[in-house]
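could you work out the structure for the sequence below:
(one chain, ligands or ions: 1)
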Amino acid sequence: MAERLKPEDRAAAMQALTGWHMVENREAIAKTYRFKDFIDAFGFMARVAIVSEKIDHHPEWSNVYRTVEVTLTTHDAGGLTELDMKLATEMDRLAG
Ligand SMILES: C[C@H](O)[C@H](O)[C@H]1CNC2=NC(N)=NC(=O)C2=N1
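Modelled structure (predicted):
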């Protein structure tokens, strides 16, 4: 099972990401993606779903029209792990 990141490793990983922030009162990170339209938003979600299954790590997310709100945390570990940083990086890549 993935281990929770040490505070200094978490800080370094966050520095490497763009647009992600720590969630208040919870060891999790979040980002809001805004796309051109619903098709682009849903296409993004479909591509992320395939990656999620591949790495067995899944987002908490919601979609309203062209906006996708994402929260990442590792439930099994009770906090942030390398898997969250990996999924965040992949999501940014897939969002283009
Ligand atoms: C059994 C399975 O590997 C686990 O339940 C995985 C699946 N996807 C997961 N996704 C996330 N975000 N956190 C988890 O702890 C987690 N656990």
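
which bits of this structure sit near the ligand?
56-58, 74-76 (Cβ under 6 Å from any ligand atom). To be clear about C-beta, it is placed using only N, CA and C from the backbone, and glycine gets the same treatment.

redo that, cut-off 8 Å
Contacts of the chain with the ligand, taken as Cβ under 8 Å from any ligand atom, map to 52, 56-60, 72-77, 83-84, 87.

which residues of this structure score low on pLDDT?
For the chain, applying pLDDT under 70 flags no range at all.

picking up where we left off before, just the buried residues of the residues of the chain next to the ligand.
52, 57, 59, 72-74, 77, 83-84, 87 (16 or more other Cβ atoms under 10 Å).

of those, which pair is most distant in space?
Spatial extent of those (Cβ to Cβ) is set by the pair 52 and 77 at 16.5 Å.

related to what we said a few turns ago, among the residues of the chain next to the ligand, which ones are in strands?
Counting by DSSP state E, these place 60, 72 in strands.

between the residues of the chain next to the ligand, which is closest to residue 38?
Looking across those and measuring by Cβ to Cβ, the closest to residue 38 is residue 59, at 18.1 Å.

for that closest one, give its distance to residue 1.
Using Cβ to Cβ, to the nearest Å, residue 59 is found at 18 Å from residue 1.

hmm, who's touching stretch 22-37?
4, 14, 17, 19-21, 41, 44, 65-73, 78-80, 84, 88, 91, 95 (Cβ atoms under 8 Å, 6 or more residues apart in numbering).
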